[in-house]
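> only geometry, no sequence info:
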């Protein structure tokens, strides 16, 4: 589970670095847009990387960012699946990783391992 989150974070960070380099050294239509997109991907890549570290250390706070990352990945995967060519396998891979990570994050064993307790029940008066 932490590995899947780290994989997604690394992919986002690598994509961000690529966009930054191409924005600086390549010939994009809009260098500012390429650089801003690269910085955005880098920032978004940090979220699952921090979550992965927290999951490895069994910190309860880490499940929230990991869940949000997986939920954000699903519409991206859907968009890739509706594209053409080489983007379809990327969409399949992203969807598989996101669904697998969601199942693992919501598993009761994971909840217990992270020390997350369910809602408290109050005795009825």
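Arrived safely, thanks for sending. Remember, predicted model here, so these are calculated numbers, not experimental data.

> for residue 100, see how far away residue 27 is.
Distance of residue 27 to residue 100, given as CB to CB, to the nearest Å: 39 Å. For the C-beta atoms, the positions are set from N, CA and C on the backbone; glycine is no exception.

> remind me which residues of this structure are low pLDDT?
121-125 (pLDDT under 70).

> give me the residue at the spatial middle of it.
residue 69 (3.6 Å; CA atoms, centre = their mean).

> in which helix or strand does it reside?
Element membership for residue 69, per DSSP states H and E: helix 63-81.

> and that helix, what other elements does it pack with?
helix 2-25, helix 31-56, helix 87-106 (3 or more CB pairs under 8 Å, 6 or more residues apart in numbering; DSSP states H and E).

> what angle sits between that helix and helix 2-25?
Comparing the axes of helix 63-81 and helix 2-25 via axes from the mean of the first three to the mean of the last three CA atoms, to 10 degrees yields an angle of 60 degrees.

> who's in contact with helix 63-81?
Contact with helix 63-81 is made by 1, 5, 8-9, 47-48, 50-52, 54-55, 87-88, 90-92, 94-95, 97-99, 101-102, 105-106, 110-111, 114, 116, as judged by CB atoms under 8 Å, 6 or more residues apart in numbering.
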